[in-house]
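Asker: sequence plus predicted model, see below.
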Amino acid sequence: MSIKSALTGAAVLAALFIGLQLYGAAQYRKGYGQAQAENAVAVAYAQSRVRQVEQQKQKEVEDVRAEYQKQLDAAAGAAVSARADSDGLRGKLTAANERAAAQAARAGRALDENARIAAELRNVVGMCATRYTELAGVADGYRGDLMALQGYARSVIGTP
């Protein structure tokens with residue numbers, strides 16, 4: 001073998017080695033770019049999905065809030081109605097007390113004491129009715145709060 005053919009072989013081998021290195025580097029850059037593009041698509045899809053889930057959860061929370069407000073409004077209406085009924089009954093009670101007092105004045109002292117006791121009992125019943133109406137309003141408020149919390153919890157954990 002001559003030196004010339006050895007140098008030619010070495011040059012060809014070096015050229016082949018450099019060519020393979022350049023080809024490998026180009027393939028690496030191409031694969032890296034493709035992987036980066038696929039990763040960017042996956043990230044964009046994940047971000048889009050997260051936004052969808054957030055919007056859905058926010059809508060569910062808003063629905064719960066609207067239902068809660070509707071229940072509060074209904075409870076407030078019921079309380080106003082109960083108060084009006086209580087005021088009407090209180091008016092009737094006052095009229096009955098006045099009639100009883102007038103009858104007691106006509107009937108004499110013995111009936112006067114009975115009329116006073118009856119009037120006091122009617123007043124106690126009236127106070128109890130008022131207090132029960134107030135308690136019903138408070139209970140309606142607690143019921144609404146509980147239902148709102150349950151609705152919120154269902155929307156957070158995703159159960160119907």
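Answerer: Looks like it came in fine. Because the structure is a prediction, the values reported are computed rather than measured.

Asker: could you find the closest non-adjacent residue to V64?
Answerer: What sits nearest to V64 in space, not counting adjacent residues and going by C-beta to C-beta, 6 or more residues apart in numbering, is G151, at 3.8 Å. In short, each C-beta sits where N, CA and C put it, glycine included.

Asker: who touches the one you found in this structure?
Answerer: 63-64, 67-68 (C-beta atoms under 8 Å, 6 or more residues apart in numbering).

Asker: among those, which ones are in helices?
Answerer: 63-64, 67-68 (DSSP state H).

Asker: from those residues, which is closest to G31?
Answerer: D63 (47.9 Å; C-beta to C-beta).

Asker: residues contacting that closest one?
Answerer: Residues in contact with D63 (C-beta under 8 Å, 6+ apart) are 151, 155.

Asker: how far away is it from A14?
Answerer: Separation of D63 from A14 (C-beta to C-beta, to the nearest Å) stands at 73 Å.

Asker: same deal with A66?
Answerer: 77 Å.

Asker: equivalent analysis for A75, please.
Answerer: 90 Å.

Asker: these two: who's more crowded?
Answerer: Using other C-beta atoms under 10 Å, the more surrounded residue of A75 and A14 is A75, with 19 against 10.

Asker: skip the chain neighbours and tell me the closest residue to the more buried one.
Answerer: Of all residues not flanking A75 in the chain, D140 sits nearest, at 3.7 Å (C-beta to C-beta, 6+ apart).

Asker: shaky segments in this structure?
Answerer: Within the chain, the segments meeting pLDDT under 70 span 1, 100-101, 104-112, 114-115, 159-160.

Asker: ranges for the strands of it?
Answerer: Taking DSSP state E as the test, none of the chain falls into strands.

Asker: tell me, how many residues neighbour the residue nearest to A75?
Answerer: 18.

Asker: one more: A84?
Answerer: That count, for A84 with other C-beta under 10 Å as the rule, works out to 10.

Asker: distance of it relative to M147?
Answerer: According to C-beta to C-beta, A84 and M147 sit 26 Å apart.

Asker: swap in S2?
Answerer: In terms of C-beta to C-beta, S2 sits 99 Å off from M147.

Asker: of these two, who's got more company?
Answerer: Higher neighbour count among S2 and M147: M147, with 14 against 7, using other C-beta under 10 Å.
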